[in-house]
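**Student:** Model the following, please.
(chains A, B, C and D)
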Protein chains: 4
Amino acid sequence: MEDIAEFKRRNKCSRLVMIWAASTEIFLKQHAVHKTLATFEQAMRDNHKAIAPSMIYAYAALKSGVPFANGAPNLTVDIPALLQLANQNNLSICGKDFKTGQTLMKTIIAPGLKSRMLGLHGWYSTNILGNRDGEVLDDPDSFKTKEESKLSVLEYILQPEVYPQLYKDFSHVVRINYYPPRGDNKEGWDNIDIFGWLGYPMQIKIDFLCRDSILAAPIVLDLALFLDLAQRTGMKGVQEWLSFYFKSPQTAPGLYPEHDIFIQLMKLKNTLRHLRGEDLITHLGLEYYD
Amino acid sequence: MEDIAEFKRRNKCSRLVMIWAASTEIFLKQHAVHKTLATFEQAMRDNHKAIAPSMIYAYAALKSGVPFANGAPNLTVDIPALLQLANQNNLSICGKDFKTGQTLMKTIIAPGLKSRMLGLHGWYSTNILGNRDGEVLDDPDSFKTKEESKLSVLEYILQPEVYPQLYKDFSHVVRINYYPPRGDNKEGWDNIDIFGWLGYPMQIKIDFLCRDSILAAPIVLDLALFLDLAQRTGMKGVQEWLSFYFKSPQTAPGLYPEHDIFIQLMKLKNTLRHLRGEDLITHLGLEYYD
Amino acid sequence: MEDIAEFKRRNKCSRLVMIWAASTEIFLKQHAVHKTLATFEQAMRDNHKAIAPSMIYAYAALKSGVPFANGAPNLTVDIPALLQLANQNNLSICGKDFKTGQTLMKTIIAPGLKSRMLGLHGWYSTNILGNRDGEVLDDPDSFKTKEESKLSVLEYILQPEVYPQLYKDFSHVVRINYYPPRGDNKEGWDNIDIFGWLGYPMQIKIDFLCRDSILAAPIVLDLALFLDLAQRTGMKGVQEWLSFYFKSPQTAPGLYPEHDIFIQLMKLKNTLRHLRGEDLITHLGLEYYD
Amino acid sequence: MEDIAEFKRRNKCSRLVMIWAASTEIFLKQHAVHKTLATFEQAMRDNHKAIAPSMIYAYAALKSGVPFANGAPNLTVDIPALLQLANQNNLSICGKDFKTGQTLMKTIIAPGLKSRMLGLHGWYSTNILGNRDGEVLDDPDSFKTKEESKLSVLEYILQPEVYPQLYKDFSHVVRINYYPPRGDNKEGWDNIDIFGWLGYPMQIKIDFLCRDSILAAPIVLDLALFLDLAQRTGMKGVQEWLSFYFKSPQTAPGLYPEHDIFIQLMKLKNTLRHLRGEDLITHLGLEYYD
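**Tutor:** Sure, this is the predicted structure:
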């Protein structure tokens, strides 16, 4: 917290935002000590193993009056204790896991398939990357954190409970492999087995040659601006309208996370329009038919 | 027209809809004889070369009080003469060119790239198909009709005039090749050259193994139902809210055609909600932050 | 052995061949009990865990005077005890692991890259398959058996010790994933990072939509005929000239296994030519320049 | 010719080799004036349209005692007149069209398919390239020259007349498209429809991200050395043993051009071994079975 205060003083900042962009941490389920601010603080003092490094940074930010965004798939601020702290201090938080390469593509394609009611037999995704991120994710514990974040995307977009004939029981496999020749670049290969009219099978293959840092950098900038905007307009707690930027959007407790990137974008734009007092966009346009 | 009346009588139909799904015709620009119903009717009597077979069918439908949808890329009802006839007879029309394989994919991916402000250097698309459609499109005159329909998609979605740094002067190449081993199936291969932060180049390759008839059949069914609905609710003329189904949506004269499949879908859904008197969807959801 | 004798009697066969085509067994290293026929027979009586089911079948075949080919990646006949038994009974054996999908492709492409002295940074291979083979290979112990068989291929073809500037320290990753929608079909995706003149990097991607049983069936037939031929011409022990059919060719002890499919083919053809007393092919053809 | 003499003098060369690597010329069939040296020389004086620029360079080289290799798909030295001149002056020539990207891959894969007797329904190849080569080949006349060179490859390797059940009447489509974003790089995408046991269809897709100049440069160097070697060993006329480097190998009149890269390589290596008086390689190795 002193580092934060010192940074603010030295750079003569009037307002700060903290954005977490470190490597994936080991998989943690929500634990009893995460339930309240009091138990959380006690656990920190006890060096409890359920307190991940990222949580300590988030705590420091929120204690210092700084809104916090989580770009990694770790729990971090997605626990009742830190949500309580954010609300108490009128701070906005959001997360988790920047939506960049393959999952970005998935949340673009899946709404497209659903728009046309094309069924899904399976989606196989593999990633090769050659830097430290790849090495970390070759470790099964870290990969589990990431996998949870990556797998839920399709379920939420396709709603198998609403469309069981199309989307019940599809196979979804996600793999990440450390492959040094790829270096700081990344390659995602997807095979998508869909079916159309009369159950006719069709296939889509996507090869995405990309670079995480290039896709993530503008997200960091946008989030810095929008978290600060949220702060200035007095919107505290989980900022769901920023779901657009995340693989695994943090929601108000019990709410359905939105993964469809086009709905996320509309939510983002209409929220901004609302904040400026403008009309919301509905794309109705019935004036054409008069 | 006698065929239409006979069909209606024999099948005891109270209402009809006509949907055009024949092969692509030779490229035609709008001609002077298309300007008014009178000149059009005279040209029909003169066997004028600017009168394509599909126009004669459309004329017969509209004369018989039957709404008409155009699933091919030909002009057909997209001329002032037939729009005048439709309006005169209080009929709804829509078109053109069913959005099925590669262009469907394009109008899914392009809005995704734009949502994240990823720039575009070029998009190369090639198609191989082995049936009569493939043979017809190997003919340069027919291909020109199709190419016009396929090329405009990206320009309209990406708006280079609004985002010149991202979308000005990208290369867009579309090819269709007759390749008999593919049979009634189709394969579309796309290479997309994008750039991100700091102009860093990235590539996306998409291989779509599909079948036109399977992707088109549900469109025909939906359009039959929705054109009939439009008719019953008294919406006459160009039905822009059905753009969702077309590669090259016919608009009211002078209006911007919408190609983004997600905006098209929202327009379709909100139009249906409006017809039922329901609230329109905006995805705002500010109640979360209270 | 009674089953073998009974089969021979009932089908009135004068000669038999046994070909093993069952699923991959758990990984086994060569063990002390495999060293001699005596220790092997004792271990069988003791139900020793180093005796795999396939070894018992191979033993029964060789004891019954039947030559044996191993289509799976297990050790099976590739142990001194069973080689001793084969030699003792003047029987021919060969193996191991039918070369069908991705490895077939690898032993086609790698010699091509080497022919032009194109360097290799890395080769990433992933397989998806949906039947019992896929399920078995999702088990890490079985996968290890397969992986050993699949990985050595490139090292042997590219000879990094001869061409260190081109082929030393390349990354080679092979993955197999169980993916039910693929059913009995298989899909192999390969990414190959090569480099040419001045170290310039280039990439090759290969997607192979295939079916193991279709690619394996003719191998079984060929091997039945050729093992019988070997038997009739008195060639006993390891039949290296049949390497053409195997992912991991069994060689005489201490010899270099040949993986290049084109050298394997030439060896196969010239062996057949030699057996018929024909001239061997060298493709010299200097008569052109006279 | 003065330029050649001047170059030789200034650089103090004792021996020269000329290698043609310019862009593809307009398609020319063999013409009456190409039949003899006399008619050719007369046609040059008449500025006859059947005399392409590359022929004049080749003539100058051969007149100056310089062996000539043709790296482009044009006829150039592949006409009786210039062969006559080469033989007269005891000079070696070879050609035509450097085998670099997609065709290189084709002559690697096709022998592999044939080795396993996998049938072929069709092979579709498309290329995108962004430099002047791409622009030139977008011109139908130049493309025809290239297409002829590229199409024959499969016919010669697969021998449909020998294996009609496997290789008769396959579709072979080759396309080249100018696509500026690719710049000096090239991308070749191939779809290969094969069939196996019982006619079961399978597919192979290959995407090759490469660069012509990088793949061609070592060919130029090798040819310079080998043509000079041929010259020193007194091998005059068409150097068929250098087929390894060419898409469309020039042969002695009436002979079958060899396209299989592995046979070409063996021919190259065994020719070199023969020139050094070494044993030829047959890969027989029967000593294993003694």
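**Student:** mind listing what's buried in stretch A:29-41?
**Tutor:** A:31, A:33-34, A:37, A:39-41 (16 or more other Cβ atoms under 10 Å in any protein chain shown). C-beta here means a position set from N, CA and C on the backbone, and glycine is covered the same way.
**Student:** In strands only, show me the residues you listed.
**Tutor:** Among the buried residues of stretch A:29-41, none falls in strands (DSSP state E).
**Student:** Dump these to TSV, plus distance to chain C and pLDDT.
**Tutor:** What follows is the buried residues of stretch A:29-41, written out as TSV (distance: Cβ to the nearest Cβ, whole Å; pLDDT from 0 to 100):
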residue	distance to chain C	pLDDT
A:31	30	91
A:33	34	92
A:34	33	93
A:37	43	94
A:39	39	93
A:40	38	93
A:41	42	93
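**Student:** Take these and write them to JSON lines, including distance to residue A:222.
**Tutor:** Output for those, formatted as JSON lines (distance: Cβ to Cβ, whole Å):
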{"residue": "A:31", "distance to residue A:222": "32"}
{"residue": "A:33", "distance to residue A:222": "33"}
{"residue": "A:34", "distance to residue A:222": "28"}
{"residue": "A:37", "distance to residue A:222": "29"}
{"residue": "A:39", "distance to residue A:222": "34"}
{"residue": "A:40", "distance to residue A:222": "29"}
{"residue": "A:41", "distance to residue A:222": "32"}
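**Student:** Among the residues you listed, name the ones in helices.
**Tutor:** Using DSSP state H, the subset of these located in helices is A:37, A:39-41.
**Student:** Out of these, which is nearest to chain B?
**Tutor:** The closest of these to chain B turns out to be residue A:37 (Cβ to the nearest Cβ; 20.8 Å).
**Student:** The closest one touches residue A:83, doesn't it?
**Tutor:** No: assessed by Cβ atoms under 8 Å, residue A:37 is found out of contact with residue A:83, at 9.4 Å.
**Student:** what pairs with the residue nearest the centre of chain A across the strands?
**Tutor:** Geometric centre of chain A, nearest residue: residue A:246, 2.3 Å, by Cα atoms, centre = their mean. Beta-bridge pairing for residue A:246 (DSSP bridges): residue A:98.
**Student:** what sits against it?
**Tutor:** For residue A:246, the contacting residues are A:94-99, by Cβ atoms under 8 Å, 6 or more residues apart in numbering or on different chains.
**Student:** quick one: which of the residues you listed is most hemmed in?
**Tutor:** For these, the largest number of neighbours (other Cβ atoms under 10 Å in any protein chain shown) sits with residue A:95, at 31 neighbours.
**Student:** How about the contacts made by that one?
**Tutor:** Residues near residue A:95 by Cβ under 8 Å, 6+ apart: A:20, A:69-71, A:76-78, A:246, A:248-250.
**Student:** Make TSV out of those and add pLDDT and secondary structure.
**Tutor:** As requested, these are exported to TSV (pLDDT from 0 to 100; DSSP: H, G, I helix; E, B strand; the rest coil):
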residue	pLDDT	secondary structure
A:20	92	strand
A:69	95	strand
A:70	94	strand
A:71	93	coil
A:76	90	coil
A:77	91	coil
A:78	91	coil
A:246	94	strand
A:248	90	coil
A:249	92	coil
A:250	91	coil
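**Student:** Now list the buried members of these.
**Tutor:** For these, buried by 16+ other Cβ under 10 Å: A:20, A:69-71, A:76-78, A:246, A:248-250.
**Student:** Residue C:143: which of those residues is nearest?
**Tutor:** residue A:248 (29.6 Å; Cβ to Cβ).
**Student:** Correct me if wrong: that closest one contacts residue A:155.
**Tutor:** No: in this structure residue A:248 lies outside contact range of residue A:155 using Cβ under 8 Å: 11.8 Å.
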